[in-house]
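In: Here's my sequence, what's the structure:
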Amino acid sequence: MIISAGKHYSKAGIKLVSGIIPLQYDIAFTESCKYQIAQKDQDDINKLFGIGFLPYHRKNSVRFGWNYLSGEFIRIWAYWYLDGMCYQRYLGDVPIGKTYRYIITPHPKSHNLHVMGRSLFATIPVPSRYLGYLLNPYFGGNQAAPHDIEIKIK
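Out: Here you go, the predicted model:
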C-alpha cells in the first residue's frame, strides 16, 4: 500500500467489516517509511490499520499506529478513541524490512492488539460492536507524507 507524497491517505476505499471477528495482516515497513518532517511533528502517530465504529471513528475506534524517529526501527503504537477521547500507548519497535503479523482481536468490552513474534501486546478498553469499517493507513497528524510511503500489507 502506498501513501503518495503530499497525501494523507492511500487509495484504498471504504470497506464495512464485522466488529466481532479478528482483523489480521502480515505487514513489513519499507525503507520509504523513514522520514524527516518538522521537529514538532516528527513524533506524531501515523495510522496503520484498524476498525472504526459507526457513526464515526473519532467517537470509537481501535487501531495500530506507527512513527519513525531514527535508525532502522519503526515505533508501534496502540491508538484509539473511546467516547470521543483520543488515547495512545507505545508498544515497542519493529525492524524495517521484517514482516510480522498484526492482529486486532475483539472482545465484548475490549480489543487486544498483538504483533506476533515481537511480544507487543495491549488490551484496549473500546467495546466491540457488530458492524464497523476498516481504517486504512493514514500519514499524519497534520503533516502529509513528505515522499511516497510504502507499507507492505498482505
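In: Buried residues in stretch 3-13, which are they?
Out: 3, 7, 8, 10 (16 or more other CB atoms under 10 Å). C-beta coordinates here come from the backbone N, C-alpha and C atoms, glycine included.
In: what's the answer for stretch 105-124, then?
Out: For stretch 105-124, by 16+ other CB under 10 Å, it's 106, 111, 112, 113, 114, 115, 118, 120, 122, 124.
In: what are the ranges of the strands in this protein?
Out: Counting by DSSP state E, the chain has strands at residues 2-3, 16-18, 23-29, 46-53, 61-67, 73-82, 85-95, 100-107, 110-116, 120-124, 131-135, 149-153.
In: Select from those the stretch with the lowest mean pLDDT.
Out: Note on the strands of the chain: lowest mean pLDDT is at strand 16-18, with a mean of 89.
In: got the contact list for that one?
Out: Contacts with strand 16-18, where a contact means CB atoms under 8 Å, 6 or more residues apart in numbering, come from 23, 51, 130, 131, 132, 133, 134.
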